[in-house]
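Visitor: Make a model of this:
(one chain, ligands or ions: 1)
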Amino acid sequence: MLNLQSKRGCAFRCVYCPYPHIEGRKHRLIDPQEVARTALELEAAGAKYLFLTDSAFNSDIEHSLAVAKAFQKARLSIPWGGFFAPVRLPADYFTVMADAGLAHVEFGTEALSDIMLKNYRKPFRVQDVFTAHEQALDAGLHTAHYFLLGGPGESADTINESLEHREQLKKTVTFYFVGIRIYPGTGLYDIALKEEKINAATDLLQPVFYEPDLITQEQIDKMVTERAGNRINWIVGSGGARAAETVSKMHTRGYVGPLWEYLIR
Ligand code: SF4
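Guide: Next up is the predicted model:
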């Protein structure tokens, strides 16, 4: 599995995210033909799978469609995946992507509570997530959703809401990360400063995680773990050492790609 980037920068403003600060808010697009040429070179060099490392591949919908069409025209024959934001998309968006070889959609969903999506300044709401999910399923794609719990305003109610809504997502796998690291240059940094959870002298090279006022990370972790029960498609964290070992074994046996599709239920 090799990596490929079709642009740098992210125009979204998610409250916790340092990428717009690191890569810029303005997209710097790579010519789709050039991205496709590089993809073919990687395939020729032995890549069995490509991961599009753009912060969100569809943050420029038009460009992402042009890249997919360039892959198809170049007859790229290996599958690929990437990070997608579950924003409102053209009805045939994922069909075009699937026709171009997209196999895995990793949605940066983060929460399924409109209160938290608003607090996180995400460019979508719960209903948009459901719609994007259905569109991806209809196109025959594997989907995963990543959750980031414990931001400003998180409470037992918002966690319950996110978990209840999660039950409505069929045929998927969900990864839950509890606790959000505070990075300089983010909205979360400003909030934490204002709430006096950090001060200007706090050393953020050592990880500092935002602590919501209404619930602790331990309580969130307990709620998610209890709700997950023994369902293998609800993964708290990245799955730990055991999951890493299984993935590594599967790669040795010739399986390619992110492999979470084997957990989809
Ligand atoms: S979380 Fe993803 S979509 Fe949001 S600002 Fe960061 S890179 Fe962009």
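Visitor: May I have the residues that are in contact with Arg28?
Guide: 7-9 (Cβ atoms under 8 Å, 6 or more residues apart in numbering). The C-beta positions use only the backbone N, C-alpha and C, and glycine is treated the same way.
Visitor: so which residue of the stretch 51-200 of the chain comes closest to the ligand?
Guide: Among the residues of the stretch 51-200 of the chain, Ser55 lies closest to the ligand, at 3.2 Å counting by Cβ to the nearest ligand atom.
Visitor: per-residue confidence for the nearest residue to that residue once chain neighbours are set aside?
Guide: Sequence neighbours aside, Cys10 is the residue nearest to Ser55 in space, at 4.2 Å (criterion: Cβ to Cβ, 6 or more residues apart in numbering). pLDDT for Cys10: 93.
Visitor: just Thr246 next, same as before
Guide: At Thr246, pLDDT is 84.
Visitor: Is it within a helix or a strand, and which one?
Guide: In this structure, Thr246 is located in helix 240-252 according to DSSP states H and E.
Visitor: got a list of what the spatially most central residue of the chain touches?
Guide: Closest to where the C-alpha atoms of the chain average out (Cα atoms, centre = their mean) is Gly108, at 2.9 Å. Contacts for Gly108 (Cβ under 8 Å, 6+ apart) come out as 56, 83-86, 146.
Visitor: Pass me the low-pLDDT residue ranges in the chain, would you?
Guide: By pLDDT under 70, the chain contains no weakly predicted segment.
Visitor: any idea which helix or strand carries the residue lying farthest from the centre of the chain?
Guide: Residue farthest from the centre of the chain, counting by Cα atoms, centre = their mean, is Ala201 at 31.3 Å. Using DSSP H and E, Ala201 sits within no helix or strand.
Visitor: Next up, phi/psi of it, please.
Guide: phi -90, psi 0 (degrees, to the nearest 10).
Visitor: okay, the contacts of Gly108 in a markdown table with neighbour count, distance to His104 and secondary structure next?
Guide: Formatted as a markdown table, those follow (neighbours: other Cβ atoms under 10 Å; distance: Cβ to Cβ, whole Å; DSSP: H, G, I helix; E, B strand; the rest coil):
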| residue | neighbour count | distance to His104 | secondary structure |
| --- | --- | --- | --- |
| Ala56 | 24 | 15 | coil |
| Phe83 | 18 | 10 | strand |
| Phe84 | 28 | 10 | strand |
| Ala85 | 23 | 15 | coil |
| Pro86 | 28 | 14 | coil |
| Tyr146 | 16 | 12 | strand |
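Visitor: Kindly indicate which of those lies nearest Leu259.
Guide: In terms of Cβ to Cβ, no member of the contacts of Gly108 lies closer to Leu259 than Tyr146, at 15.6 Å.
Visitor: got the contact list for Tyr93?
Guide: 58, 61, 65, 135.
Visitor: can I get those residues in JSON lines with secondary structure, distance to Ser238 and neighbour count?
Guide: As requested, the contacts of Tyr93 are arranged in JSON lines below (DSSP: H, G, I helix; E, B strand; the rest coil; distance: Cβ to Cβ, whole Å; neighbours: other Cβ atoms under 10 Å):
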{"residue": "Asn58", "secondary structure": "helix", "distance to Ser238": "23", "neighbour count": "23"}
{"residue": "Ile61", "secondary structure": "helix", "distance to Ser238": "29", "neighbour count": "14"}
{"residue": "Leu65", "secondary structure": "helix", "distance to Ser238": "31", "neighbour count": "19"}
{"residue": "Gln135", "secondary structure": "helix", "distance to Ser238": "26", "neighbour count": "22"}
